[in-house]
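Asker: my questions concern the predicted model and sequence given below.
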Amino acid sequence: MSVLSKPYFHNEEAAFAYLEAVIWGDDKVCPHCGGVDRITKVKANPAKRIRLGLWRCGDCKKQFTVKVGTVFEHMRLPLHKALQAVYLVTSSKKGISAHQLHRTLEITYKSAWFLLHRIREAMRDGDFTPMGSNGGTVEVDETFIGRKKGMPKKRAFHHKMKVLALVDRESGKARTMVVDDVKAETLMPLVIANVEREARIMTDEHSGYRDAGKWFAAHGTTSHGRGEYVNLEDRSIHSNTVEGYFSIFKRGMKGVYQHCGEDHLHRYLAEYEFRYNNREKLGVNDTQRAGNALRGIVGKRLTYGGPVAAN
């Protein structure tokens, strides 16, 4: 037996029952009118084209499944295969490629690629609560990856895509975002919006953070250019945690995905951020992590052309 031997990974009826338990619990809700009192199960009947997982609302008289109003709405793949994909993506530390998923699940590459983006959309947190509360420490750094479309390759980083990351040492959680450039006027407003004023900020010597001390309780720096990665007088002054986060991100992007277009980078960031924020060290195992990702499917839609608000 293995984790993937569970019934909801192989049986469509069990898959719907599992997802209903994760999303609804004991209280089923009509996604059309919000009704909760007169929800009845519609018995599946393939001969009459009555599909599995169908419910009927006695208030608005409409039918629905647990997939309505989520990133899985109008998904043509069997639900049990989607649940397998969620588990594989969330339990793989550095990700799983669309080609690997298409071979493992025996679906087309196009379906695997789109399913991965649906899952990444579900992983997107949307929590903008400022980090570093109660005088905590937040590490801030930026990195460069890939190549911007149409930009000629140069020796420096100007042709690459730019990513800003913040890691809260106390909570152990990260927050990442795509940025247009690494100038102070771009970086500092984002740092100020995402970090509490009483926090301590840790950065490298990049000039984009030179005024951080004016906005926060303290600003510690190390000079990576001089080979300094920890301040020898105060060993709490370093940005090694956020550098470690970037190492996981880059190993996955280069070793698993290999290429990422600028239009989709924010979703790849959401994927790595989600796994980092739901890792074993923070008390989240593989099964719980998959459940957390499934709870994130609600209220989101993703069409093949891009995200839209859920109905």
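Answerer: Everything's here; your move.
Asker: any residues touching stretch 264-277, and which ones?
Answerer: Contacts to stretch 264-277, defined as C-beta atoms under 8 Å, 6 or more residues apart in numbering, come from residues 89-90, 93, 95, 117, 119-121, 123-125, 145-146, 161, 163, 172-178, 245, 248-249, 252-253, 257, 260, 289, 292-293, 296. Glycine gets a C-beta too; all of them are placed from N, C-alpha and C.
Asker: those residues in strands, which ones?
Answerer: Ile145, Met161, Val163, Lys173, Ala174, Arg175, Thr176, Met177, Val178 (DSSP state E).
Asker: what is the nearest of these to Glu233?
Answerer: Checking these against Glu233 by C-beta to C-beta gives Ala174 as the nearest, at 27.1 Å.
Asker: nearest residue to Thr40 in space, please, no chain neighbours.
Answerer: Arg56 (5.3 Å; C-beta to C-beta, 6 or more residues apart in numbering).
Asker: in this structure the one you found contacts Gly35, no?
Answerer: No: the pair Arg56 / Gly35 is not scored as a contact, 10.5 Å apart, by C-beta atoms under 8 Å.
Asker: report the distance from the helix or strand hosting Val167 to the chain centre.
Answerer: Following DSSP states H and E, one finds Val167 within strand 161-168. Mean-position distance between strand 161-168 and its chain equals 14 Å (C-alpha atoms, centre = their mean, to the nearest Å).
Asker: from the rest of the structure, what touches that strand?
Answerer: 131-132, 136-148, 173-182, 187, 190-191, 194-195, 241-242, 245-246, 249, 262, 265, 269.
Asker: among these, name the buried ones.
Answerer: Buried by 16 or more other C-beta atoms under 10 Å: 131-132, 136-143, 145-147, 173-176, 179, 182, 187, 191, 194-195, 241-242, 245-246, 249, 265, 269, out of the contacts of strand 161-168.
Asker: so which elements touch the longest helix along the chain?
Answerer: In the chain, taking DSSP state H as the definition, the longest helix is helix 109-123. Packing partners of helix 109-123 (3 or more C-beta pairs under 8 Å, 6 or more residues apart in numbering; DSSP states H and E): helix 79-91, helix 98-105, helix 265-277, helix 286-295, strand 300-303.
Asker: would you list the ones you listed in TSV and tack on mean pLDDT and distance to Arg235?
Answerer: Converted to TSV, the helices and strands packed on helix 109-123 look like this (pLDDT from 0 to 100; distance: least, C-beta to C-beta, whole Å):
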stretch	mean pLDDT	distance to Arg235
helix 79-91	97	34
helix 98-105	96	41
helix 265-277	96	23
helix 286-295	96	32
strand 300-303	82	42
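Asker: distance to His224 added to the ones you listed, as a markdown table?
Answerer: Formatted as a markdown table, those follow (distance: least, C-beta to C-beta, whole Å):
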| stretch | distance to His224 |
| --- | --- |
| helix 79-91 | 33 |
| helix 98-105 | 35 |
| helix 265-277 | 22 |
| helix 286-295 | 32 |
| strand 300-303 | 38 |
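Asker: I figured His80 hits Lys6, correct?
Answerer: No: look at His80 against Lys6 with C-beta under 8 Å: they stay out of range, at 9.9 Å.
Asker: more crowded one of these two?
Answerer: Set His80 next to Lys6 and count neighbours by other C-beta atoms under 10 Å: His80 wins out with 22 against 18.
Asker: count the residues that sit near the nearest residue to that one once chain neighbours are set aside.
Answerer: Distance criterion C-beta to C-beta, 6+ apart; nearest residue to His80, sequence neighbours excluded, is Ala15 at 3.9 Å. When neighbours are counted by other C-beta under 10 Å, Ala15 registers 24.
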